[in-house]
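Novice: Let's see this in three dimensions:
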Amino acid sequence: MFSTETPKISPFLTFDRQQWAALRKSVPLTLTEKDLKPLLSFNEDLSLDEVRAIYLPLVRLINYYIDENIKRQQVLHKFLDVEAPKVPYIISIAGSVSVGKSTSARILQALLSSWPEERKVSLITTDGFLYPLSVLEEKNILNRKGFPESYDIHRLIQFVSDIKSGKRHVKAPIYSHLTYDIIPDQFNEVDQPDIVILEGLNVLQSGMNYPASPHNVFLSDFVDFSVYVDAEEELLLKWYINRFLKFRRSAFTDPNSYFHHYSKLSEQQAIETATKIWNEINGLNLRQNILPSRDRANLILVKGDDHAIQTIKLRK
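Specialist: The predicted structure is shown next:
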């Protein structure tokens with residue numbers, strides 16, 4: 001049913017698209033094209049076939065893991081003779097800028113919310129735990145936004161710890177892509193959901209990524225299942241440029257946009273600017289901090305040219 005990627009020993013089982021799709025078994029598809037469209041990111045055009053082939057087998061697997069997790073909790077609470085608190089199952093989704101993490105997270109949220117039974121699923125992005133622009137400017141690291149040092153990692157870990165402890169009404173800051181900043185005094189509230197999906201560049205990173213802000217507990221210590229969305233860097237650059245060009249014609253035209261000045265660029269200037277940003281910031285962050293965390297994931301989804309997932313690697 002599966003094969004290892006190379007003759008050497010690997011911690012992963014590797015599936016091609018057809019092999020993985022067969023693991024859907026008889027799981028029904030509950031999403032429609034109308035449901036799918038608002039879940040897609042600005043530069044993606046995935047079909048329901050992608051949901052059937054990739055996400056339904058994945059959700060089937062995750063539900064098996066959730067069932068086993070619930071059983072283990074019940075055993076512990078029976079042993080301790082205490083009433084079981086509600087502890088959410090945490091799924092993390094990592095990957096590069098422009099790879100489509102947000103789309104994967106929203107699709108998983110939609111499917112997990114209604115299958116096999118109705119569940120409360122919260123989706124939080126780690127963007128909300130970036131330092132505000134004023135702090136980044138004060139620290140002189142605005143050009144390092146997205147790098148480990150640009151996050152309030154202690155606040156993020158405390159947030160996830162509170163969720164995993166069963167605490168109620170836990171608040172996460174909200175990030176605005178329009179203003180490129182944290183929205184003051186606005187929060188997403190997480191109130192004892194069944195599942196939390198945590199999406200971001202840094203969800204698989206360890207203390208080695210934060211030498212200036214040492215901590216002994218990592219986000220991964222609280223995560224039950226982790227996914228890394230992967231693609232070759234040349235594809236990521238192409239998708240980033242395409243997204244930049246689309247934003248130039250839409251979101252960047254808003255006078256309130258932090259990037260409004262980019263809307264005045266010619267197409268060639270926009271391509272050159274996007275390429276420069278990638279080479280100096282996003283690509284550098286990918287190679288230094290994000291990609292090295294890939295093999296810590298439980299599952300790796302490898303995309304091809306059209307954003308469709310071609311290879312799936314599942315940790316043994």
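
Novice: rest of the way, CA atoms for contacts and neighbours
Specialist: Fine.

Novice: all strands for the stretch 101-250 of the chain, in order.
Specialist: For the stretch 101-250 of the chain, the strands defined by DSSP state E, counting those that start in this stretch occupy 121-125, 170-176, 181-190, 195-199, 225-230.

Novice: so which of these comes closest to residue 23?
Specialist: strand 225-230 (17.5 Å; CA to CA).

Novice: Run me through the strand neighbours of the closest one, direction for each.
Specialist: Taking DSSP bridges as the criterion, strand 225-230 forms sheet pairs with strand 89-95 (parallel), strand 299-303 (parallel).

Novice: Please name the residues that touch residue 48.
Specialist: Residue 48 makes contact with 31-33, 36, according to CA atoms under 8 Å, 6 or more residues apart in numbering.

Novice: change it to 10 Å
Specialist: 29, 31-33, 35-37, 54-55 (CA atoms under 10 Å, 6 or more residues apart in numbering).

Novice: Make a PyMOL selection of the buried ones in the residues you listed.
Specialist: Selecting only the buried entries of the contacts of residue 48 in PyMOL, with 16 or more other CA atoms under 10 Å as the criterion:
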select buried, resi 36+54+55
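
Novice: export the contacts of residue 48 to JSON lines and tack on pLDDT?
Specialist: Listed next are these as JSON lines, based on pLDDT from 0 to 100:
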{"residue": "29", "pLDDT": "85"}
{"residue": "31", "pLDDT": "83"}
{"residue": "32", "pLDDT": "84"}
{"residue": "33", "pLDDT": "83"}
{"residue": "35", "pLDDT": "88"}
{"residue": "36", "pLDDT": "87"}
{"residue": "37", "pLDDT": "84"}
{"residue": "54", "pLDDT": "96"}
{"residue": "55", "pLDDT": "95"}
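
Novice: Turn the contacts of residue 48 into a markdown table, columns for secondary structure and distance to residue 309.
Specialist: As requested, these are arranged in a markdown table below (DSSP: H, G, I helix; E, B strand; the rest coil; distance: CA to CA, whole Å):
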| residue | secondary structure | distance to residue 309 |
| --- | --- | --- |
| 29 | coil | 18 |
| 31 | coil | 19 |
| 32 | coil | 20 |
| 33 | helix | 19 |
| 35 | helix | 20 |
| 36 | helix | 17 |
| 37 | helix | 18 |
| 54 | helix | 7 |
| 55 | helix | 10 |
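
Novice: picking that back up, between the strands of the stretch 101-250 of the chain, which one is closest to residue 45.
Specialist: Residue 45 lies closest, by CA to CA, to one member of the strands of the stretch 101-250 of the chain: strand 225-230, at 16.3 Å.

Novice: relative orientation of the closest one and strand 195-199 in degrees?
Specialist: Here the directions of strand 225-230 and strand 195-199 differ by 30 degrees (axes from the mean of the first three to the mean of the last three CA atoms, to 10 degrees).

Novice: Pick the one among the contacts of residue 48 closest to residue 182.
Specialist: For those, the minimum distance to residue 182 (CA to CA) is 26.8 Å, reached by residue 37.

Novice: Would you confirm that that closest one contacts residue 46?
Specialist: Yes: between residue 37 and residue 46 there is a contact under CA atoms under 10 Å: 8.6 Å.

Novice: re earlier: between the contacts of residue 48, which is nearest residue 13?
Specialist: Ranked by distance to residue 13 (CA to CA), the contacts of residue 48 are led by residue 54 at 15.4 Å.
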